[in-house]
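Chemist: 3D, please:
(chains A and B)
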Amino acid sequence: MSLSVQVFNSPQKSILLADFSRYRVPEFSTGEHGYGSCTQFVPMTFRRATMVMDWPETPHVVLSGRWANEVWSGRLEQAWYENGGLRWVAFGYWQALRDVPYTALWSVTDLRGWNVLTVNELPSVATPEKWVLQNGGGALYFASKKSETFTASTIGGFYYRTPHNGKRLIVKLDFNYSFTASSNWKIAVNEYDSAWGSASQIWSLTGDGTTQAGSVSITVASKSILLIYFYRLSSGTYTNDTGVHNANITNIRIKTTSSSTVLASAIASALVAYVNGVNSSQLNSSTALIEATTDDLQDEIYEDAVPSDILDRLALLHGYEVGVRKDRMLFFRPKGSAGRHWYINATRVTDFGKDISQVFNEVYGIYQDANGRTLRTAVAANEFQKEAMGITRRQSVQLQTTSSTQAEAHRDARLDDIDNLNVAATIEFDRLFDAFGNRHNEYEMNAGDMVTIRNLPLPTGSIVDKLREFRLAGTQWRGPGMMILEAEVPAPSLVVLVAQQKAGTR
Amino acid sequence: MTARVVKITDGTDTVDFEDSSSGYTILRHRPAVAEMMVDGLDELYSQVDEQFEIAVEGSTPTELSERLAKLSRLIDNARGHYQGEGLDPVLYQYRIDDSLLTNPLQAMIIGGPESGDVLTLPESYDGFTQTKTGDVGDPVVWRFRRQGLLLGDSESNTGSSVANPNVMTALLTAVENDSPTDIELDNFTTGPESTSFLAIADDANKLYVNSLATMTAVGFTAANDAAALPKQGTNILRYTPPDTDWNETGTFGIGSVLRTDTREIAIFIDAKKSNAALNALVKAKLDPLVSGMSPATIAVTTPQTSPKAITNTGRQWYALGTVHLPVPAGDTNGISLSFLVKCDTTSYTLDLDAFALVDADNSQVLYFPGIEESSSLNSNLYSQLNIIQRDLELPYVEVQIGTSVFLNLPYQGAPRIYTKGAEVAALWLSTSYSAGPGGSSFWCGVSAAGARLSTALSATRYPGYLVPR
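Modeler: The predicted structure follows:
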């Protein structure tokens, strides 16, 4: 007895729609994002097939082993009537992270989002013509112009606005300041809702005739707009030279979390909640398989981004793996940290070769400063691989950050990913074991597991060593005794085919 | 002396080769013999093709034509029934001469042969003007595919009632082949929160359940939860996280409860978290002590299950996965079971009541997700669980409510159950809510009055044969 196939009305499994266990073997796959696809052909009449296609909601498919243990699960997305039956195709719940785009600001240090306040925003007070307002050199600069007449209602400022209809609001503003002005002048911060209503001044500093400098961390009451502005407390004409009274605001950071750091793991958890907030049954609400990251992400803004793309990028930057597998739980964790280790004996090697075209032994990162100027990290190298190859192959990786520390961390993660010599082969094996020699069903293998081929010749050089042990990038189960494995190297892949046993007999 | 029976029938149309008035005569027929499939998906035995070389006659040409058409129609109906159409099953019935069986063996026909035609007329067939067709040298050939196992008359037994959760047994006469077995539990609760597992084995020693209450350690203390009817009767094991790392319970020796040749074990645990905001992971660990030359015993690298998330603030059983021992249980100096728990905060607790072990050799488990109820009901269904194999169709799982109302029960796993030994054993792992709105939950199956259920296992087996007799 191998796998059973049940179809429920939803992941809550309250209604069993069909038991397809008796029909042809389902084929399923696993990949870097957990469960991949599953398909099966079920002989049936056209009339019955139309009834199946009319099943309500998005049916939930489960393949189970002998102990009702989940081997694969997903949602039935395709159904085709062909050749006297129904072919259905289901996909793993990674698909749920492609259902709804996500717009939100998490953290920004990039100054390009700060705009000069004009009459279009606050017509009764904005007077940009009376000020020198500059955004550049990593700072917002304010200065009153000589001979201009000011009142308490003539302000010069910069504002920042969160993405329209974004899911997160500003709760923290940090910056450094340098302020030179007499006691008749003030610099302040206001918060507003998305329509410039509910105005509230949340910070201010009055001039004292000297240059005052410091840093602040301001709590914002979940608002969409922040305004930093300069104004005179009472009416009068400014008679000093332009620039004598000025303010310089630097190291600005806006956050929509009160945590001191913005972590990829927190974003992953939030995306689970977001997806479930729209489609409550798709993902398991538990975030137990999301492991904490430590890098503080400085610039994370998503506008109409697909959650799966967001997670892919975050995983790549941290050397993590991300996907959805058992119990529809999102996993976000260091690569290979949860994989099992399998042992096989190769029965036949049919072809074998190497390819360096996808291998790079040096990487540098491309990032930006606060004003958007392109910067490049130093080059990181795998010296051993350079020695082995005898040539340098260098790749750049585009990063969304203004932090050099973060850029270097992501550069190093990328180098780990692409510095392996590419080996391709087709190898057959017929049985699967664990470390103690216990035999297992091949469908227990998943992407992310390690595989060791025990009987390759020794001693050998690095080429065969690349074959000897590898991590799985994907698996395709096509029935008892028929499993295709893909190794975790850049394409072309290592393909390992299970030798077919005599079908259906002992 | 019992007479030979060779008959194909759907209860209405019948081809009876032993009835001389039927118009059908066997010229040559060699019953097919199925094989057991190691990796059979739904059925344990291969399907087989039967071929009959026959002669057919009628009193009139029209009757002959009708009898030939019946051969084709029966197989069409069989195919339709097997594909879920509203048609009666078509059965192949066979009994040899001087058989020891009272009734013929039977197997369901599922359609045409794997290759070739259902009906091949003789070369000498000349249309609708004759009253007989087919002879030894030029027969009518009739082919169809049937389920491989031939089933005999059933045998039933009901075991003693036991308090939930405990191992139930029923005793039957051992048979030569793994044979389909109906399962009934006379008291069974199901509802929106009553997810449960049913483990079935051919030996009560392959099933084990016990309380975790004595497995205390740092962070793990016994706590009174008597009102919720824990396995131990009074206490459960409560985990109060000292930190957010993995922490281990005390150990429980299971070496003596497993069979000596046990190598693979499926492990289940009954758990409840105190707050929905808590993220908790649990995994099981076995520490086998293996006899060696020097030192006397060595602790082998311990197999563990993958971390399982505890997702419910209600009491619920969870399948933790299977553990493969490095050596058979009988070759160890003892095996300690413990559980590792990790919580993402120290603000909440996790309660653990009982664990269950299922020897993976020749056993199986079904999972029942529970039935979604309208809020106005808000209670469990107290009834009998039936897992039916006997109609030779796809097995079905139902809950009986009252005397004549049946509700199909959603399940996950393989409901086709095969046994052959003298003992059929079952272990039902369940939790439940008490009746009425806002009722509290229990660590076991309970009655409407909130009392621990006692349940008996009934097993009905249809002895299967591969060789007709």
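
Chemist: For the residue in the stretch 201-350 of chain A positioned nearest to chain B, give its distance to residue B:345.
Modeler: Using C-beta to the nearest C-beta, residue A:288 is the residue of the stretch 201-350 of chain A that sits closest to chain B, at 4.0 Å. Every C-beta, even on glycine, is put in place using the N, C-alpha and C of the backbone. Note on residue A:288: its distance to residue B:345, by C-beta to C-beta, to the nearest Å, is 11 Å.

Chemist: what does residue A:406 give?
Modeler: Separation of residue A:406 from residue B:345 (C-beta to C-beta) stands at 28 Å.

Chemist: For these two, work out which one has more neighbours and name it.
Modeler: residue A:406 (20 against 12; other C-beta atoms under 10 Å in any protein chain shown).

Chemist: isn't that one right up against residue A:294?
Modeler: No. Using C-beta atoms under 8 Å, residue A:406 makes no contact with residue A:294, being 11.1 Å away.

Chemist: that older thread, can you check which residues contact both of residue A:288 and residue B:345?
Modeler: Counting by C-beta atoms under 8 Å, 6 or more residues apart in numbering or on different chains, the shared contacts of residue A:288 and residue B:345 are residue B:279.

Chemist: residues touching residue 243, list them.
Modeler: Unless you meant another one, I'm taking chain A. A:132, A:143.

Chemist: ah, no, chain B please
Modeler: Per C-beta under 8 Å, 6+ apart, neighbours of residue B:243: residue B:346.

Chemist: Give me the phi and psi angles of it.
Modeler: phi -160, psi -170 (degrees, to the nearest 10).

Chemist: worst-scoring helix or strand of chain B, pLDDT-wise?
Modeler: Ranked by mean pLDDT, DSSP states H and E, the weakest helix or strand in chain B is strand B:297-299, scoring a mean of 60.

Chemist: following that strand, which helix or strand comes up?
Modeler: Once the chain leaves strand B:297-299, the next helix or strand it forms, by DSSP states H and E, is strand B:308-310.

Chemist: what's the closest non-adjacent residue to the residue of the stretch 101-250 of chain B at minimum distance from chain A?
Modeler: As assessed by C-beta to the nearest C-beta, chain A sits closest to residue B:197 within the stretch 101-250 of chain B, at 6.5 Å. In space, and not counting its chain neighbours, residue B:197 is closest to residue B:429: 4.5 Å by C-beta to C-beta, 6 or more residues apart in numbering or on different chains.

Chemist: Please work out how many residues are found near the one you found.
Modeler: Residue B:429, neighbours per other C-beta under 10 Å, totals 28.

Chemist: Is it within a helix or a strand, and which one?
Modeler: Using DSSP H and E, the element containing residue B:429 is strand B:423-430.

Chemist: Just the CA atoms of that strand, as PDB, please.
Modeler: Extracted C-alpha coordinates of strand B:423-430, given in PDB (Å, rounded to 0.1, in the frame of the first residue of the first chain):
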ATOM      1  CA  GLU B 423      -6.200 -10.600  16.100                       C
ATOM      2  CA  VAL B 424      -7.300  -7.200  14.800                       C
ATOM      3  CA  ALA B 425      -6.300  -4.300  17.100                       C
ATOM      4  CA  ALA B 426      -7.300  -0.700  17.000                       C
ATOM      5  CA  LEU B 427      -6.400   2.400  18.900                       C
ATOM      6  CA  TRP B 428      -8.600   5.500  18.600                       C
ATOM      7  CA  LEU B 429      -6.900   8.800  19.500                       C
ATOM      8  CA  SER B 430      -9.400  11.500  20.000                       C
END
